[in-house]
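Q: what follows is a protein structure lacking sequence information:
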């Protein structure tokens, strides 16, 4: 039940009636007509911009449209008042029974309350994390993993068929560096001093890999030249790192549907097939790029390369796909990889990249637009950096990782639930401060605690209801007489519950899971406010001595809050707390 959608449908119906009666021109486009919460709750329960957006195409004054629409809205039993404000904004107040009905619906639907069919079963591929398989995941990967996973859950919640995918970057030179680094740990396992030269990976996490290599090969590789062991160690080390990364993801509660290997694109004709498609579209040519703007890199030279006409799809410059020596650029396998997504039948693609990949956005969008002939949209979400603090000081690097703080460091310090929620308390493209002390603080200033505390308080109400012998299963509460819910503080909670279906659709439409975290904090705030007022006004307490019927009505409201918090936390991948310690 989306109350805002219902009221918008009513507004559109009445506008059609006005057009039929000659009060509006025929054939107006109502797509931009919205019904939403007013900016100031004192102005009403809902507001519509209908008169403002239709005035110009209708060649009428906004106020004239608003006055006639308001008169029609006031005739509907669900609307107690419809008032025109300013030049033509229209504010509505709704009958209390609608807000009470929201509570019943939340209890009847359970965590399905707010679920939407907006996605219409369309297939969407969400690619996230995709960290190089050269070591454990660091805190930057953590934020990307949480964001991508929550986004995938959100899209599933609003009706998409979602595939979670990890692209294994195992085709580049960094995997050779990994193999050489592992070889030094293999030498160490055989009693020799490792030579961790500059450029190799120094972390202790490769020590077990070296020991595993010794168990497999003994000392047989010690005297062999690199050419004889490099390929085997590439494969062995990559597999070991991916096992570690899967463990890191599992510690965070992230489970992928697909792991796609970059290496599988080489030597299989897939890169060639993708570029052939672009060539058949007239988008591949031999040419010379203009020198980059600003100071020229020392290694830049004017040379002919194989180029993709990405400027035809909004990019700033055309992009090389093959170097002058015939080797593929980094961009070529990425084109081929996204071509596989198009060919696998996805209707929409989402890539979650680190902020340092900002320069890759336009070229990747251009490639997908060309490969799909503009039929498959690609949205790229950039994840900004995370700054770590402890005791007010920057948190130092992990010895195990060698150069960075790992995902495991973070999860072991504060837990997966706290990590996940806090990573979503800022929009993905805004920097995030993560203070190990503050995220565990039990205060209103800590969003994860504040939301979990609201859920735990509801659970305490239910426990007390059990002790008092008051039936409080959802079916019983949904059938209760909710007329006892009439106080402004109770209505404020119910009105916030009514926003949930609208909120998740907006979040899903914009690929913004942080909106869910923000909403949960606002809902918790309304609930805590009601709870605190009950300290002074006994009529607002959830259990009313000697009055089981009134108690059930008030418990129903509390339980509906828990239902929505549980659903929202489920999208974020966080378990709701039943009690706080």
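A: Cool, got the structure. For clarity, every value in this text was computed on a predicted model and none was experimentally measured.

Q: quick check: which element contains the closest residue to residue 310 other than its chain neighbours?
A: Nearest residue to residue 310, sequence neighbours excluded (C-beta to C-beta, 6 or more residues apart in numbering): residue 366, at 3.8 Å. Yep, even glycine has a C-beta here, placed from its N, CA and C like the rest. For residue 366, the element it lies in under DSSP states H and E is helix 361-371.

Q: next, the buried residues of that helix.
A: 361-371 (16 or more other C-beta atoms under 10 Å).

Q: now do stretch 306-313
A: Judged by neighbour count (16+ other C-beta under 10 Å), stretch 306-313 contains these buried residues: 306-310, 313.

Q: what is the subsequent helix or strand relative to the helix holding residue 366?
A: Per DSSP H and E, the first helix or strand lying C-terminal to helix 361-371 is strand 378-383.

Q: tell me which residues are up against that following strand.
A: 140, 143-144, 147, 151, 338, 348-355, 357-358, 360-361, 364-365, 368-369, 428-429, 511 (C-beta atoms under 8 Å, 6 or more residues apart in numbering).

Q: pull out the buried residues from the residues you listed.
A: Among the contacts of strand 378-383, those classed as buried by neighbour count (16+ other C-beta under 10 Å) are 140, 143-144, 147, 151, 338, 348-354, 360-361, 364-365, 368-369, 428, 511.

Q: can you give me the strands in the stretch 301-450 of the chain?
A: 304-308, 319-322, 348-354, 378-383, 386-390, 393-394, 432-435 (DSSP state E, counting those that start in this stretch).

Q: partner strands of the fifth one and their direction?
A: Within its sheet, and counting by DSSP bridges, strand 386-390 is paired with strand 393-394 (antiparallel), strand 432-435 (parallel).

Q: which of those strands sits most buried?
A: Of those, the one with the most neighbours on average (mean count of other C-beta atoms under 10 Å) is strand 432-435, at a mean of 19.

Q: roughly how far is that one from the heart of the chain?
A: Offset of strand 432-435 from its chain centre (C-alpha atoms, centre = their mean, to the nearest Å): 18 Å.

Q: start at 57, not 1
A: New numbering, starting at 57: the last item is strand 488-491.

Q: who's in contact with the helix or strand bottoming out on mean pLDDT in the chain?
A: Lowest on mean pLDDT, DSSP states H and E among the helices and strands of the chain sits strand 449-450, with a mean of 88. Outside strand 449-450, the residues within contact range by C-beta under 8 Å, 6+ apart are 443-444.

Q: next: stretch 522-534.
A: Identification of contacts with stretch 522-534 by C-beta under 8 Å, 6+ apart yields 160, 163-164, 166, 518, 521, 599, 604, 607-608, 611-612, 615, 619.

Q: tell me the contacts of residue 320?
A: Counting by C-beta under 8 Å, 6+ apart, residue 320 touches residue 326.

Q: should've said residue 327
A: Going by C-beta under 8 Å, 6+ apart, residue 327 touches 321, 384, 388-389, 391-392.

Q: again, but for residue 479
A: Applying C-beta under 8 Å, 6+ apart, the residues contacting residue 479 are 198-199, 202-203, 442, 488, 490.

Q: how does it look with 7 Å?
A: Neighbouring residues of residue 479 by C-beta atoms under 7 Å, 6 or more residues apart in numbering: 198-199, 202-203, 488.

Q: closest one to residue 560 out of those, please.
A: Set against residue 560, the nearest of these by C-beta to C-beta is residue 203 (16.2 Å).

Q: going by distance to residue 375, which of the buried residues of helix 417-427 wins?
A: For these, the closest approach to residue 375 (C-beta to C-beta) belongs to residue 419, at 4.9 Å.

Q: measure the closest one to residue 235 for me?
A: Using C-beta to C-beta, to the nearest Å, residue 419 is found at 30 Å from residue 235.

Q: check whether residue 182 really touches residue 205, as I assumed.
A: No. With contact defined as C-beta atoms under 7 Å, residue 182 does not reach residue 205; the gap is 8.5 Å.

Q: my read: residue 371 touches residue 420, true?
A: No. In this structure, residue 371 is not within contact of residue 420 by C-beta under 7 Å, at 9.3 Å.

Q: quick revisit: how far is the least confident helix or strand of the chain from where the chain is centred?
A: Averaging C-alpha positions (C-alpha atoms, centre = their mean) puts strand 449-450 28 Å from its chain's average.

Q: so the residue nearest to residue 366 is in contact with residue 369, correct?
A: Yes. Residue 422 is in contact with residue 369 according to C-beta under 7 Å; the separation is 3.6 Å.

Q: which one in this protein is furthest away from the centre?
A: Relative to the mean C-alpha coordinate of the chain, counting by C-alpha atoms, centre = their mean, the farthest residue is residue 279 (50.1 Å).

Q: so it, which of the three states?
A: What DSSP: H, G, I helix; E, B strand; the rest coil gives for residue 279 is coil.

Q: what distance do you get for it to residue 134?
A: Taking C-beta to C-beta, one finds residue 279 at 85 Å from residue 134.

Q: same question, residue 291
A: For residue 291, the distance to residue 134 (C-beta to C-beta) stands at 65 Å.

Q: next one: residue 499
A: Taking C-beta to C-beta, one finds residue 499 at 40 Å from residue 134.

Q: which one's more surrounded, the two?
A: Higher neighbour count among residue 499 and residue 134: residue 134, with 15 against 9, using other C-beta atoms under 10 Å.

Q: quick check: the gap between the more buried one and residue 534.
A: In this structure, residue 134 and residue 534 are 20 Å apart, going by C-beta to C-beta.

Q: repeat that for residue 444.
A: Counting by C-beta to C-beta, the gap from residue 444 to residue 534 is 45 Å.

Q: elements contacting the helix holding residue 422?
A: With contacts defined as 3 or more C-beta pairs under 7 Å, 6 or more residues apart in numbering; DSSP states H and E, helix 417-427 has these neighbours: helix 326-336, helix 387-399, strand 434-439.

Q: and these: which comes nearest residue 99?
A: The minimum distance between residue 99 and the helices and strands packed on helix 417-427 falls on strand 434-439, with 34.5 Å, by C-beta to C-beta.

Q: and the closest one, how far from the chain's centre?
A: Averaging C-alpha positions (C-alpha atoms, centre = their mean) puts strand 434-439 11 Å from its chain's average.

Q: show me the shaky parts of the chain.
A: Within the chain, the segments meeting pLDDT under 70 span 353-357, 453-458.

Q: nearest residue to the middle of it?
A: When C-alpha atoms, centre = their mean is applied to the chain, the residue found nearest the centroid is residue 207 (2.8 Å).

Q: list the contacts for that one?
A: For residue 207, the contact set (C-beta under 7 Å, 6+ apart) comprises 182, 406, 567, 569.

Q: tell me what the one helix or strand residue 231 maps to is packed against?
A: Using DSSP H and E, residue 231 falls within helix 229-245. Counting contacts by 3+ C-beta pairs under 7 Å, 6+ apart, helix 229-245 packs against helix 263-273, helix 282-307.

Q: out of those, nearest to residue 70?
A: With C-beta to C-beta as the criterion, residue 70 lies closest to helix 282-307 of the helices and strands packed on helix 229-245, at 50.9 Å.
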